[in-house]
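Student: give me a model of this one.
(chains A and B)
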Amino acid sequence: MRPLKTLKKLYDEESQVVITEKGSPPRALFSGENFLLEDLPVGTRVIFPRPPLEGVPNVKAAIRWAINHPEGMDPLHALLRPGMKLTCVIDDISVPLPPMATPDVRQSILEVVLELCADSGVDDIHLIIANALHRRMTEGEMRRMVGQKIHDAYYPDRYYNHDAEDPDGITELERSPCGSHVVAVNRRVAESDLTVYINVNFVPMNGGHKSMGTGLANYASLRAHHNPKTIRDSESYMEPTKSELYRRNERIGKAIDKHLKVFHIESVLNNRMFGPATDFLHKKEEDYTEGDRLKFHAMRYALSKMPRAAARTVLNSIPAPYDVTGVFAGATEPTHQKILEKSWQQYSVPVQGQSDIVIFPIPFISPYSVNSILNPLLVQVMGLGYFFNLNRGVPLVKKGGVIILTHPAFDEFDPVQHPSYIEFFNRVLPETRDAVKIEQKFEREFAENPSYVHLYRKGNAYHGVHPLYMWYWGENGRQHAGKVIVAGAENNHVPALLGWDRTDTLTEAIEEARGFMGRSASISLLRIAPTVMVDVK
Amino acid sequence: MDAKAAFYDVDGTLVKTNVVHVYAYYAMNRGSLLGMAGRTLATAASVPLFAAMDALDRKTFNEFFYRYYAGLSEDRLISVAEDMFEDVLKPALYEQTRDLIDQARRAGCRIVLVTGALDFSMRPLARHLGADDMIANKMQFVGGKATGKVIPPIIEGANKANAIRSYCVREGLSLDQSHGYSDSASDYAMLSVVGRPTAVNPDMRLRAIARAYNWPILDLK
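Tutor: A predicted model of the protein is given here:
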């Protein structure tokens, strides 16, 4: 019989939660464009992502099966008729992260859908990217997303970005008498006989009613839910039943479904973010081979010696070899329900209880910095907006606890993609960090600034109001945490403007956090990326 | 919210021309055919000189250049201005100029052109763009004939900033909330006086300034 000690070890190996012991290996943590290698205090709970789920064996077959066996709607072929006006709407580059190795699942879905349309005599087809107030995708990015063949056939007249500021390009479907609640969508979509929404689900907050309600709307429509009150009323972004944001999107989505015929095709990916060169990042450090260690040290050394911009370019150029784990199609709600189940199956790790101190390593990328810079506001939204919310039940950190972020917190902005962020950071934050005050005093001004509107419409800039949304997005984390420390910050003023403390190293940050919470404070590390979420019991 | 305006420099900002083109057009359309031929030659020869002068010192250039209007009648100047707009300015408008101005209007801004050119030469453009107002140089006329002198202060450089400041005071507009657009580092003062400056197709110096101050940079096409 196997001794009990060995059995226990085997059991622990299968678990995604490791308690640090004396002699545990140091942890490899993202810190912007670099990595930290840190020994954590004994007793620290390290939460690892689940291993990637098995992908479907034949993606195209899965897509065909889904559109022929949809949820709550007729099969796609039955909705097509010659001469109809059809619009395919596609998720933008903010998902998945990093971008997917080609062929992107959106391309695979489009290839199936467009072929079916051609067989059914449907020629009047437009492809629209549901970028909402995100930046317009560049031509190169658009080509990569749908493949050369589709791009050549449709770009630029019939394959383009949604323009939320085009006065002639938006149709209002509903408006409350006071004008505070507007349901507006892209005009081409509103005038289409059928819209096919092609989604990539990366985390549970994507997809469902959010796709149409947010992706194709304008500022007037988004304002109803992208505001500090809605964020404060949302217990978790990732859990639809506890998200006011989700509920408000649902109301808008239902209104859209009442007026328009929309066939959703949702796809869900596993969390295989890293290819053969960096696949050790999927593993626990305990399981690293000598080869893995060698690769990690070589990569860390090379990145540390490169100028930051070069490291960024290198990291941004490595696509992720995700597998498609499911495709579902049909009416909005039942389709999305299936996707949510798959998504949680991949990401959810059950953990017992909250911690006093939680460490979130911040990587080089966010949904809003693809091929760009993770500026201080985006560091903020990654830590206090997204990572804080990667949970079901209650947050991983206790109310009043300490959040530690590992990032250099450099004062760098991309003037092409994030022009209004620069003004927000340098003008608004020195005056106030209160999200409600910011909304009342500055939102209209940033949203309507003609220069920012121009850069959004004609350049590749995020909408003028976007940095404010990023600030609101961190509202829950800000309200919940007693202190935020950014470990490894290379300057004082960025953490100070964000309202955070700074330390040179993670060890110092943990010391400071223990000073704040008490020597016996419990510590958790969410070893992200790849993506992981916690079910806190 | 406070009332606000968007102030636009014209040459190089909204249109692809500069003031030298306007001068050349007037020079070519002054009088008799023979005279015109001579002037065209003289103009062609002197345009590079003017361009160089303009780059060095806008104020001296303007003073020098407006002397060429001396003796022309007001009616003639106005009618040539209409032709010049159709022939020179309208085709040189950036395609995106109209959108930029429409957006400012939607944001509740009063649209004001601020230019070192003479007011009558810019009036058709202002009308075409639907501008609410114009701050421009004014030619002195005596007995219906231009004297070649500009009524001071000449609108250029720091004076553009002063003119904008006084305009906001007079009209009850918030300078802090107002926008300014220019392509040239010579308008640095004008841009720095408004709360929301933007560099449009900026020259190298202005691009460096805009980067240093984190002003948005637009590239109109």
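Student: can you tell me the element residue A:461 falls in?
Tutor: Taking DSSP states H and E as the definition, one finds residue A:461 inside no helix or strand.
Student: so it sits right up against residue A:452, yeah?
Tutor: Yes: counting by Cβ atoms under 8 Å, residue A:461 touches residue A:452, with 7.0 Å between them. No exception for glycine: its C-beta is placed from N, CA and C like everyone else's.
Student: next, show the common contact partners of those two.
Tutor: Common neighbours of residue A:461 and residue A:452, using Cβ atoms under 8 Å, 6 or more residues apart in numbering or on different chains, are A:419, A:420.
Student: please name the strands paired to the strand ranked longest in chain A in the sheet, noting orientation.
Tutor: Criterion DSSP state E: the longest strand present in chain A is strand A:397-406. Next to strand A:397-406 in the sheet, as set by DSSP bridges, lie strand A:355-361 (parallel), strand A:483-487 (parallel).
Student: to residue B:101, which of the ones you listed lies closest?
Tutor: Distance to residue B:101, taken as Cβ to Cβ, is lowest for strand A:483-487 among the strands paired with strand A:397-406, at 42.7 Å.
Student: give me the mean pLDDT for that closest one.
Tutor: Across strand A:483-487, pLDDT averages out at 98.
Student: can I get the CA coordinates of it in PDB?
Tutor: Extracted C-alpha coordinates of strand A:483-487, given in PDB (Å, rounded to 0.1, in the frame of the first residue of the first chain):
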ATOM      1  CA  LYS A 483      -4.700  49.600   0.400                       C
ATOM      2  CA  VAL A 484      -3.200  49.000  -3.000                       C
ATOM      3  CA  ILE A 485       0.600  48.600  -3.300                       C
ATOM      4  CA  VAL A 486       2.400  48.400  -6.600                       C
ATOM      5  CA  ALA A 487       5.600  46.400  -6.200                       C
END
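Student: off-centre distance for it?
Tutor: Averaged C-alpha coordinates place strand A:483-487 at 22 Å from its chain's average position (Cα atoms, centre = their mean, to the nearest Å).
Student: is the next helix or strand after it in proximity to chain B?
Tutor: Downstream of strand A:483-487, the first helix or strand assigned by DSSP H and E is helix A:493-498. No: applying Cβ under 8 Å from any Cβ of the partner chain, one finds helix A:493-498 out of contact with chain B, separated by at least 14.2 Å.
Student: mind listing what's buried in helix A:493-498?
Tutor: A:494, A:495, A:497, A:498 (16 or more other Cβ atoms under 10 Å in any protein chain shown).
Student: contact partners of that helix?
Tutor: Residues outside helix A:493-498 that contact it (Cβ under 8 Å, 6+ apart): A:376, A:379-380, A:409-411, A:425, A:429-430, A:433, A:484, A:486, A:489, A:501-502.
Student: could you list which of those residues belong to strands?
Tutor: A:484, A:486, A:501, A:502.
Student: residue A:112 and residue A:332: what is the separation?
Tutor: Distance of residue A:112 to residue A:332, computed by Cβ to Cβ, to the nearest Å: 20 Å.
Student: of these two, who's got more company?
Tutor: More neighbours surround residue A:332 than the other of residue A:112 and residue A:332, with 27 against 21 (other Cβ atoms under 10 Å in any protein chain shown).
Student: right, and the strands paired with strand A:397-406 - which one's nearest residue A:536?
Tutor: Nearest of those (Cβ to Cβ): strand A:355-361, 9.4 Å.
Student: identify the residues contacting the residue nearest to residue A:460 when sequence neighbours are not counted.
Tutor: Leaving aside its chain neighbours, residue A:460 sits nearest to residue A:135 (4.8 Å; criterion: Cβ to Cβ, 6 or more residues apart in numbering or on different chains). Residue A:135 sits next to A:417, A:456, A:460, A:461, A:462 when contact means Cβ under 8 Å, 6+ apart.
Student: how about 6 Å then?
Tutor: For residue A:135, the contact set (Cβ atoms under 6 Å, 6 or more residues apart in numbering or on different chains) comprises A:417, A:460, A:461, A:462.
Student: what kind of secondary structure is it in?
Tutor: coil (DSSP: H, G, I helix; E, B strand; the rest coil).
Student: picking that back up, most neighbours of all the ones in strands among the contacts of helix A:493-498, which one?
Tutor: Busiest of those [other Cβ under 10 Å] is residue A:486, holding 27 neighbours.
Student: enumerate the residues of chain B near chain A.
Tutor: Within chain B, the positions near chain A by Cβ under 6 Å from any Cβ of the partner chain are B:96, B:100, B:103, B:104, B:107, B:198, B:214, B:216, B:218.
Student: picking up where we left off before, put the buried members of the contacts of helix A:493-498 into a ChimeraX selection.
Tutor: ChimeraX command restricting these to the buried ones, with burial defined by 16+ other Cβ under 10 Å:
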select /A:376,379,380,409,410,425,429,484,486,489,501,502
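Student: ok, of the contacts of helix A:493-498, which one's closest to chain B?
Tutor: Proximity of the contacts of helix A:493-498 to chain B (Cβ to the nearest Cβ) peaks at residue A:425, which lies at 9.0 Å.
Student: now for residue 142, how many residues are close by?
Tutor: No chain in the question, so chain A it is. 23.
Student: wait, chain B
Tutor: Around residue B:142 there are 8 residues (other Cβ under 10 Å).
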